[in-house]
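Trainee: Sequence and predicted model, in that order:
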Amino acid sequence: MKVVIVGGVAGGATAAARLRRLDEQAEIIVLERSGYISYANCGLPYYIGGEIAQRENLTLQTPESFYHRFRIDVRVRQEVIEIDPKNKVVTICKLEDGTQYQEHYDKLILSPGAKPVVPDTPGIESNRIFTLRTVEDTFEIDAYIKQHQPKTATIIGGGFIGLEMAENLKNKGIDVTLLQRSGQVMPPLDSDMAAIVHNYMRANGIHLKLNAPVESFQETSNGIQVNLKNQTSFETDMVILAVGVLPENGLAKKAGLELGVKGAICTNTHMQTSEADIYAVGDAVEVVHFVSGKKAVISLAGPANKQGRIAADNICGIPSEFKGSQGSSVLKLFDMTIASTGLNAKEASKIGLDFDYAIINAASHATYYPGAASITLKVLFETNTGRILGGQIVGFGGVDKRIDVLATAIRAKMTAYDLTELDLAYAPPYSSAKDPLNMIGYVMENLLTDKVKQIHWQDIDSISEDAVILDARTDMEYRRGHLDSVMHIPLDEIRDRMEELPKDKKVYVYCQSGLRSYLACRILKQNGFECYNISGGYGFYENLRYGSIPDPEGKGPCGLKR
């Protein structure tokens with residue numbers, strides 16, 4: 001059996017190695033148009049920032065090491081320019097001299113990846129404007145910085161690459177401006193969680209401009225001018241384009257393979273394309289979202305690795321299936337960690353799910369043990385079943401392990417009730433006896449069982465003027481800041497001052513984090529009041545409305561420092 005693989009990195013290199021482990025006799029050829037067969041794509045910004053010091057640390061395998069370990073024929077700087085599915089032949093161009101030749105295949109695996117979106121913006125051809133996708137891109141940016149010593153840099157786009165580059169360029173002493181066309185960075189997050197990230201970026205010296213579409217670029221004697229739509233133009237020394245990626249589908253389209261969402265290559269669960277002997281994996285393929293069941297394009301290394309293994313399995317007669325991706329991701333931004341999995345509220349609303357969500361502010365471990373860090377969790381759940389639909393976590397400690405637990409819970413189709421029962425490891429340096437995931441499970445359970453009703457801060461402006469908004473915090477907290485036109489009764493005084501509240505009006509309660517307001521709602525509900533907890537607490541509101549800078553230090557369950 002002869003297998004030709006187009007493209008390396010996560011999907012192609014994984015498929016090649018798996019094929020060899022399953023079939024020692026197979027002839028395996030990997031064709032890669034760049035100079036690197038397997039490299040740490042997600043580590044590229046950290047090389048530019050100096051966190052990864054050695055070039056060789058970016059390359060996981062070389063053609064030579066791949067051959068010595070697996071006896072796989074790896075050919076770099078060779079681009080497949082045409083596929084003939086009928087005759088099972090690929091045409092290859094050697095990029096060094098332009099010569100062409102052909103290879104026959106029994107099975108073909110496409111792993112072409114994704115290409116950076118380069119908008120048709122006037123001036124985009126400037127040699128001061130860069131994209132970051134390959135090792136070669138990385139070295140080009142690094143060389144430019146070393147040669148020209150830029151003092152300022154502008155990043156277009158606030159996704160993963162944009163934020164990672166913002167951090168790494170800032171750490172090199174470069175003054176960084178980040179432009180985002182829409183109203184928020186990090187599309188996997190909802191706007192309320194993204195607001196925390198915005199405030200933190202600005203606190204760390206990133207000049208963040210939202211709703212700032214670029215109209216054109218113009219070379220100047222000292223740099224490049226960035227012209228924004230209906231906003232003031234400014235000059236910068238260099239520009240990094242990070243506005244997203246699209247599936248690299250040119251070969252597939254030319255070969256007549258079926259294409260789907262965003263032009264991605266359609267495959268079945270075995271990673272087989274519309275041509276039975278051609279498989280496709282990685283960022284170029286359409287997948288089924290595990291939670292929604294809808295077709296999607298999810299460009300992440302984890303799914304690409306799994307798909308490469310699954311394609312190899314099926315080629316070798318093992319009936320393996322890819323059961324969908326849920327988009328689990330994590331990002332480091334200075335000392336903050338940003339993570340998400342499953343659906344966000346925008347996506348759940350778009351497909352018409354009946355859902356709600358819970359928000360809590362918690363500490364990464366017991367607050368009486370030194371070093372506790374603050375984290376904010378948002379978890380979506382289906383209101384009729386309690387099924388967990390997605391989660392977002394932003395904070396300064398223990399974020400990664402909580403998002404992985406949530407990702408596992410979603411994969412297992414667990415509910416909010418199941419989160420309350422998770423038996424998670426506890427010791428004061430690592431967690432609390434009731435982990436934040438247990439706690440948010442309790443919050444969702446209370447909502448599902450009608451022990452409390454809630455509204456979200458985004459809905460506060462729609463509260464009727466006849467209603468009562470109650471601040472249940474302490475006198476000291478109230479004096480530091482509060483909503484206008486509210487009643488103030490500290491939680492511990494509510495039972496004794498209940499007659500001050502009108503029973504014929506709805507009561508909306510908030511505290512600093514949401515715990516005391518829940519307790520107040522339980523007291524009031526059992527005394528005949530119609531009461532609603534305002535989720536997230538006043539601390540969350542300060543992030544949304546006032547640009548409050550996130551405090552890295554973990555707080556107690558009432559949102560107060562010990």
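Mentor: All right, it came through fine.
Trainee: average pLDDT across stretch 304-317?
Mentor: Mean per-residue pLDDT for stretch 304-317: 97.
Trainee: Check which residues of that stretch are buried.
Mentor: Across stretch 304-317, burial judged by 16 or more other Cβ atoms under 10 Å covers 304-316. The C-beta positions use only the backbone N, C-alpha and C, and glycine is treated the same way.
Trainee: Closest to Phe355 out of these?
Mentor: Relative to Phe355, the closest of these is Lys306; by Cβ to Cβ it sits at 27.2 Å.
Trainee: Look up how far Gly11 lies from the closest one.
Mentor: 9 Å (Cβ to Cβ, to the nearest Å).
Trainee: sorry, back to before: restricted to helices, list the buried residues of stretch 304-317.
Mentor: The members of the buried residues of stretch 304-317 that map onto helices under DSSP state H are Ala304, Asn305, Lys306, Gln307, Gly308, Arg309, Ile310, Ala311, Ala312, Asp313, Asn314, Ile315.
Trainee: The third one contacts Glu321, correct?
Mentor: If I follow you right, that is Lys306. No: between Lys306 and Glu321 there is no contact under Cβ atoms under 8 Å: 10.4 Å.
Trainee: Nearest to Gly282, out of the buried residues of stretch 304-317: which one, please.
Mentor: Closest approach between the buried residues of stretch 304-317 and Gly282, by Cβ to Cβ: Ala304, at 3.9 Å.
Trainee: ok, and Ile469, which helix or strand is that part of?
Mentor: strand 468-471 (DSSP states H and E).
Trainee: Which positions in whichever helix or strand comes after that strand come out as buried?
Mentor: Next along the chain after strand 468-471, taking DSSP H and E as the criterion, comes helix 475-480. Buried positions in helix 475-480, judged by neighbour count with 16+ other Cβ under 10 Å: Glu477, Tyr478.
Trainee: And for stretch 12-22?
Mentor: Gly12, Ala13, Thr14, Ala15, Ala16, Ala17, Arg18, Leu19, Arg20.
Trainee: and Ile145, what element?
Mentor: In this structure, Ile145 sits in helix 135-148 according to DSSP H and E.
Trainee: do the same with Lys378
Mentor: In the assignment (DSSP H and E), Lys378 maps to strand 374-382.
Trainee: what do you get for Ala358?
Mentor: strand 355-363.
Trainee: got it, and Leu60?
Mentor: strand 59-61.
Trainee: My read is that Tyr442 contacts Thr420, right?
Mentor: Yes: with contacts defined as Cβ under 8 Å, Tyr442 counts as touching Thr420 at a distance of 5.6 Å.
Trainee: wait, what's in contact with Gln454?
Mentor: With contact taken as Cβ atoms under 8 Å, 6 or more residues apart in numbering, Gln454 is in contact with Asp356, Leu447, Tyr532, Asn533, Ile534, Ser535.
Trainee: Mind checking which of those residues are in strands?
Mentor: Per DSSP state E, strands hold the following members of these: Asp356, Tyr532, Asn533, Ile534.
Trainee: Neighbour count for these - can I get that in CSV?
Mentor: Below are the ones in strands among the contacts of Gln454 laid out as CSV (neighbours: other Cβ atoms under 10 Å):
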residue, neighbour count
Asp356, 19
Tyr532, 22
Asn533, 27
Ile534, 26
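Trainee: can you pull the pLDDT of the residue located most distally from the centre of the chain?
Mentor: Distance from the centre of the chain peaks at Glu499, with 48.2 Å (Cα atoms, centre = their mean). On the pLDDT scale, Glu499 is placed at 95.
Trainee: Could you do the one 3 residues further on as well?
Mentor: In the prediction, the pLDDT value recorded for Pro502 is 95.
Trainee: Check Lys561 too.
Mentor: Looking at Lys561, its pLDDT is 69.
Trainee: Same check on Tyr546?
Mentor: Looking at Tyr546, its pLDDT stands at 84.
Trainee: likewise Ser517?
Mentor: Looking at Ser517, its pLDDT reads 96.
Trainee: Count the residues that sit near it.
Mentor: Per other Cβ atoms under 10 Å, the neighbour tally for Ser517 reads 29.
Trainee: swap in Gly352?
Mentor: Gly352: 7 neighbours (other Cβ under 10 Å).
Trainee: list the contacts for it?
Mentor: Under the criterion of Cβ under 8 Å, 6+ apart, the contact list for Gly352 is empty.
Trainee: Quick check: it vs Gly35, distance?
Mentor: According to Cβ to Cβ, Gly352 stands 47 Å off from Gly35.
Trainee: Check Pro436 too.
Mentor: Distance, Pro436 to Gly35, by Cβ to Cβ: 45 Å.
Trainee: Between those two, point out the one with more neighbours.
Mentor: Legend: neighbour count by other Cβ under 10 Å for Pro436 and Gly35, higher for Pro436 (25 against 16).
Trainee: Excluding residues flanking it in the chain, which one is nearest the more buried one?
Mentor: Ala362 (3.8 Å; Cβ to Cβ, 6 or more residues apart in numbering).
Trainee: which residues touch that neighbour?
Mentor: With Cβ under 8 Å, 6+ apart as the criterion, the residues that contact Ala362 are Ser374, Ile375, Thr376, Leu377, Ser432, Pro436, Met439, Gly554, Pro557.
Trainee: quick one: low-confidence ranges for this protein?
Mentor: In the prediction, the chain carries residues with pLDDT under 70 at positions 561-562.
Trainee: Let's see that with 80 instead.
Mentor: Applying pLDDT under 80 to the chain flags residues 38-41, 55-61, 554-562.
Trainee: Asn230 - that's part of a helix, no?
Mentor: No: counting by DSSP: H, G, I helix; E, B strand; the rest coil, Asn230 is not part of a helix but coil.
Trainee: how near is it to Pro122?
Mentor: Using Cβ to Cβ, one gets 16 Å for the distance from Asn230 to Pro122.
Trainee: Between those two, which has more neighbouring residues?
Mentor: The residue with more neighbours, out of Asn230 and Pro122, is Pro122; 11 against 8, by other Cβ under 10 Å.
Trainee: Okay, that one and Val214: tell me how far apart.
Mentor: 10 Å.
Trainee: ok, Lys413 - contacts?
Mentor: Lys413 neighbours (Cβ under 8 Å, 6+ apart): Arg387.
Trainee: In a strand, it, correct?
Mentor: No: according to three-state DSSP, the state of Lys413 is coil, so it is not within a strand.
Trainee: The residue most central in space within the chain bridge partners, please.
Mentor: Using Cα atoms, centre = their mean, the residue of the chain that lies closest to the mean C-alpha position is Ser329, 4.5 Å off. As for beta bridges, Ser329 partners with Ser340 under DSSP bridges.
Trainee: Next, the contact list for it, please.
Mentor: Ser329 touches Phe160, Pro188, Leu300, Ala339, Ser340, Thr341, counting by Cβ under 8 Å, 6+ apart.
Trainee: try 10 Å this time
Mentor: Shown in contact with Ser329 (Cβ atoms under 10 Å, 6 or more residues apart in numbering): 160, 186, 188, 298, 300-302, 338-341, 403, 407.
Trainee: just curious, which of those is nearest to Tyr39?
Mentor: Checking these against Tyr39 with Cβ to Cβ, the nearest one is Ala301 at 11.2 Å.
Trainee: what's around the closest one, how many residues?
Mentor: Neighbours of Ala301 under the rule other Cβ under 10 Å: 17.
Trainee: Mind telling me what element the residue nearest to it when sequence neighbours are not counted is part of?
Mentor: In space, and not counting its chain neighbours, Ala301 is closest to Ala10: 4.7 Å by Cβ to Cβ, 6+ apart. Per DSSP H and E, Ala10 falls inside helix 9-22.
Trainee: Okay, helices next: where are they in the stretch 1-150 of the chain?
Mentor: Ranges of helices in the stretch 1-150 of the chain, per DSSP state H, counting those that start in this stretch, are 9-22, 44-48, 63-70, 135-148.
Trainee: Including distance to Gln180, could these go into TSV?
Mentor: Output for the helices of the stretch 1-150 of the chain, formatted as TSV (distance: least, Cβ to Cβ, whole Å):
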stretch	distance to Gln180
helix 9-22	27
helix 44-48	17
helix 63-70	39
helix 135-148	20
